[in-house]
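1. Okay, here's the prediction I keep looking at, along with the sequence it came from:
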Amino acid sequence: MSKAKINPKSVTILAMGPTTTQYIASIGAQFERSTKHVWAINNAGMWLDDIDLIISMDDLRRDITFDPEYVKGLTGRGVPLLTSTAYEEYPSTLDYPLKEVLDYLDIEPGEIHPLDNSCNYSLAYAMYQGMKEISLVGYEFRAGYSLTTLYEADKFAKEKYGVDVPFWFKYYMKDYMMRATEPGEFGCTYLMGMCKERGIDINLALGTTLMNADLPVFYYGYQEQPNI
């Protein structure tokens, strides 16, 4: 049986969320990549061996003063490091092409933009580089709901609104369903929408919280889900 051809314009971007373990498991089982290119963000660039590029937008001269091991780890991998400012003392570093990426995204300097963390810089860079298939792994900006939280929220919803309350109602119970988040998710979904518009395929890790993909699919507002 011949192997499926790998799209030369495909890339996997590995962030530091829980679903990165899926990639590690798949590589261990298959001993081969599923995409032509593999990039890693921040610490993931030190965890994983078979990568082509590390993206870390933190300033290295600043970080070396309080986290020297982190900077040495990123710059000593022998892998190109795309960052906010390339410095001569770190030969592996490359300047992020900010103006070119903003032009590609059709965003004027000074406008509201989605480049608010290294994950989104990485996704935007993949788009700018002409990738047609982008797999986002470890792109979790918030933790998932625990089974205990889901159970308690469902119980509370039925007690307050009756046993016929639809199953999706619990996801809107702020008393139980608060989730701590870090900046970046809204910018990421904006870029994903731009990918959809431009014909770029996005693959998400199984069970990721990005785009609420860890929740069952439902249509808000319907007591009974529409049969479509």
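-> Noted; the coordinates are in hand.
2. After the lengthiest helix in the chain, which helix or strand is next?
-> Of all the segments of type helix in the chain, defined by DSSP state H, the longest one is helix 147-161. Toward the C-terminus, helix 147-161 is succeeded by helix 185-197 as the next helix or strand (DSSP states H and E).
3. Show residues contacting the helix or strand of the chain with the lowest mean pLDDT.
-> Each helix and strand of the chain was given a mean pLDDT (mean pLDDT, DSSP states H and E); the minimum falls on helix 20-30 at a mean of 79. Applying Cβ atoms under 8 Å, 6 or more residues apart in numbering, the contact partners of helix 20-30 are Thr12, Leu14, Arg33, Ser34, Ala44, Trp47, Leu48, Asp50, Val137, Gly138, Ala205, Leu206. C-beta coordinates here come from the backbone N, C-alpha and C atoms, glycine included.
4. Secondary structure added to these, as JSON lines?
-> Shown next, in JSON lines, are these (DSSP: H, G, I helix; E, B strand; the rest coil):
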{"residue": "Thr12", "secondary structure": "strand"}
{"residue": "Leu14", "secondary structure": "strand"}
{"residue": "Arg33", "secondary structure": "coil"}
{"residue": "Ser34", "secondary structure": "coil"}
{"residue": "Ala44", "secondary structure": "helix"}
{"residue": "Trp47", "secondary structure": "helix"}
{"residue": "Leu48", "secondary structure": "coil"}
{"residue": "Asp50", "secondary structure": "coil"}
{"residue": "Val137", "secondary structure": "strand"}
{"residue": "Gly138", "secondary structure": "coil"}
{"residue": "Ala205", "secondary structure": "coil"}
{"residue": "Leu206", "secondary structure": "coil"}
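5. thinking again about what came up before, chain center to the least confident helix or strand of the chain: distance?
-> With Cα atoms, centre = their mean, to the nearest Å as the basis, helix 20-30 stands 17 Å off its chain's centre.
6. shift numbering so it begins at 15
-> I'll keep to 15 as the first residue from here, and by that count the last item is helix 34-44.
7. Which strands border the following helix or strand past that helix, and is each parallel or antiparallel?
-> Under the assignment DSSP H and E, the closest C-terminal helix or strand after helix 34-44 is strand 51-55. Strand 51-55 pairs in its sheet with strand 24-28 (parallel), strand 67-69 (parallel), by DSSP bridges.
8. quick check: mean pLDDT across the first one?
-> What it means is strand 24-28. Taken as a whole, strand 24-28 carries a mean pLDDT of 97.
9. which residues touch Pro197?
-> Contacts of Pro197 were listed using Cβ under 8 Å, 6+ apart, and they are Asp130, Asn131, Phe155.
10. Which of those sits closest to Asp117?
-> Nearest to Asp117 among the contacts of Pro197: Asp130, at 18.6 Å, using Cβ to Cβ.
11. Remind me which helix or strand that closest one belongs to.
-> Counting by DSSP H and E, Asp130 is found in no helix or strand.
12. Compute the number of surrounding residues for it.
-> The tally of other residues near Asp130 (other Cβ atoms under 10 Å) stands at 16.
13. That one: what's it in contact with?
-> Pro197, Gly198, Gly201.
14. Include pLDDT and distance to Met208 when you put those into CSV, please.
-> Output for the contacts of Asp130, formatted as CSV (pLDDT from 0 to 100; distance: Cβ to Cβ, whole Å):
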residue, pLDDT, distance to Met208
Pro197, 88, 19
Gly198, 93, 15
Gly201, 95, 11
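15. Redo the residues you listed as CSV? Include distance to Leu112.
-> Listed next are the contacts of Asp130 as CSV, based on distance: Cβ to Cβ, whole Å:
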residue, distance to Leu112
Pro197, 18
Gly198, 17
Gly201, 15
